[in-house]
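*Asks:* Pasting a predicted model and its sequence here:
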Amino acid sequence: MVKKVIEDIRAFLRGFGGAFKHQSTEYIEFEERELENVFALILMGSFVGIPSPPTTLVIRLMPHMVREMHVMQRRAIDMDDIFGEIAGMFDID
């Protein structure tokens, strides 16, 4: 009987910890996506009127920016509501 109770408590705590891990991972993935967008905007800011870094730096980084350019294009097409997405992550009604 006691053994069963202890196993049930352990299973509960594992599930509880797993839920926190999943939610934390979701927050980190969201932050990573947003930081990638900010980085791309800093490098390609001249397209939206933000002063950009020196052209030589941008040209050297351009081959590494292919994925970010696709992400920026997809986000421009989708135009998600970023504040709505954040509110959804924190369960704000």
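*Replies:* Yep, that arrived. What you see is a predicted model; the values in this text were computed from it and never measured.

*Asks:* counting contacts, what elements does the longest helix anywhere in the chain pack onto?
*Replies:* When the chain is scanned for its longest helix (criterion: DSSP state H), the result is helix 2-43. With contacts taken as 3 or more C-beta pairs under 8 Å, 6 or more residues apart in numbering; DSSP states H and E, helix 2-43 sits against helix 66-78, helix 82-89. Yep, even glycine has a C-beta here, placed from its N, CA and C like the rest.

*Asks:* angle of that helix against helix 82-89?
*Replies:* 170 degrees (axes from the mean of the first three to the mean of the last three C-alpha atoms, to 10 degrees).

*Asks:* can you list the weak-confidence ranges in this structure?
*Replies:* Scanning the chain for pLDDT under 70 picks out 46-48, 78-82, 89, 91-93.

*Asks:* tell me the centre residue of it?
*Replies:* Centrality entry for the chain: nearest residue to the mean C-alpha point is residue 30, 1.9 Å, by C-alpha atoms, centre = their mean.

*Asks:* From residue 37, how far out is it?
*Replies:* When C-beta to C-beta, to the nearest Å is applied, the distance between residue 30 and residue 37 equals 11 Å.

*Asks:* Between the helices and strands packed on helix 2-43, which one is closest to residue 4.
*Replies:* Among the helices and strands packed on helix 2-43, the nearest to residue 4 by C-beta to C-beta is helix 82-89 (36.7 Å).
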